[in-house]
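K.L.:
Coordinates only, no sequence provided:
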Ligand code: IPM
Ligand code: MG
């Protein structure tokens, strides 16, 4: 292809992208209503282990859920349903991030507990997370991080369907010369994540929301994000909306003098991705943080970390930390109106951390995932008598 052909193809490609994104913006304006789980006769919880350490940590999370929900599982009010085929082998064989029959199984559930899934570097296979967030329109990535000894109780509201993620596999390349990626921010997409963050702040007595962008550089996309967040903030006069740039915010999080002043964070997708790993590490490691992906009608819960293929290669898979997927399970229980069970799980996890009799290091010098879960189940049992 010569230069003119590259430019013409790229222009055609860009036209298509813009038209698809405008359609998406219009669809967003007609959101589906939220479910009231407390009134539902039956709740179907989909469960998929995923890849790498995923099936190992998920097997343990399932044991914990089976214990906590024993009554509801026996009565049929809750069903834990295995989702088949969300594996890298099947996804590669079908050349599809989430094959249609797998997506159908997931959609047939009310909520979904998902193990980490591998995304090959390069190639064209999109991340399963990104596909699921888009297909199920899970626009809010909600990630709690707590450091009790410092009085830190952070809640991150990461926009989950836009930014670089929406178009990250739709870039343009002139081989050997240049590559271009795209980033998109929409009005409706920003408004709904901003509402979610401010509603959370209001409902939980928080007084501050930090809006984090790089609007001085990404003037169109982050500029719009920041402006719309401020418009939404005006509807919550009791909450202060402070503007920060992502670079200084990453510094703030490692600054013990200031970090306990932050409460709620509201960020576009990629900055939210990066800073929540930093925050999780401060809490005790990425293996310790859970993540909720919320839409209007559906929600998916997952560990914040990936499938850790290196851990499997080193033969350390059985030593993986199940805490992150257990935190995700806790968020799931809270979401389906079972806060009492969520509280029990979180209290038992705190008991384990405080007492520290069985410690997971992620390596062979620590406890295995199963040993840690045995310990947690013992603590749960003590809390039930
Ligand atoms: C996360 C992960 C995902 C992301 C990956 C696995 C695609 O890092 O949930 O934070 O980038 O969003
Ligand atoms: Mg991430």
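P.N.:
Alright, I've got the coordinates. None of these values were measured; they are calculated from a predicted model. Ligands and ions are numbered 1, 2, ... in the order given.
K.L.:
out of everything not next to it in sequence, what's closest to the residue of the stretch 201-350 of the chain at minimum distance from ligand 1?
P.N.:
Proximity of the stretch 201-350 of the chain to ligand 1 (C-beta to the nearest ligand atom) peaks at residue 273, 4.5 Å away. For glycine as for every other residue, the C-beta is placed from the backbone atoms N, C-alpha and C. Of all residues not flanking residue 273 in the chain, residue 158 sits nearest, at 6.7 Å (C-beta to C-beta, 6 or more residues apart in numbering).
K.L.:
who's in contact with residue 119?
P.N.:
With contacts defined as C-beta atoms under 8 Å, 6 or more residues apart in numbering, residue 119 is in contact with 125, 126, 127, 128, 129, 306.
K.L.:
all helices for the stretch 101-250 of the chain, in order.
P.N.:
Listed in chain order, the helices of the stretch 101-250 of the chain (DSSP state H, counting those that start in this stretch) span 128-135, 164-167, 187-203, 221-233, 246-253.
K.L.:
Out of these, the one nearest residue 22 is which?
P.N.:
helix 187-203 (11.1 Å; C-beta to C-beta).
K.L.:
between the closest one and helix 221-233, how big is the angle?
P.N.:
Here helix 187-203 points in a direction 50 degrees away from that of helix 221-233 (axes from the mean of the first three to the mean of the last three C-alpha atoms, to 10 degrees).
K.L.:
So which elements touch helix 187-203?
P.N.:
Packing partners of helix 187-203 (3 or more C-beta pairs under 8 Å, 6 or more residues apart in numbering; DSSP states H and E): helix 3-28, strand 140-147, strand 152-159, strand 208-213, helix 221-233, strand 264-267.
K.L.:
Return the most buried member of these.
P.N.:
strand 264-267 (a mean of 26; mean count of other C-beta atoms under 10 Å).
K.L.:
Partner strands of that one, with direction?
P.N.:
strand 152-159 (parallel), strand 208-213 (parallel) (DSSP bridges).
K.L.:
Now do whichever helix or strand comes after it against strand 152-159, angle only.
P.N.:
Sequence-wise, the next helix or strand downstream of strand 264-267 (DSSP states H and E) is helix 269-283. In terms of direction (the same axes, to 10 degrees), helix 269-283 departs from strand 152-159 by 160 degrees.
K.L.:
mind checking how far helix 269-283 is from the chain centre?
P.N.:
Here helix 269-283 is found 11 Å from its chain centre; the criterion is C-alpha atoms, centre = their mean, to the nearest Å.
K.L.:
All set, thanks.
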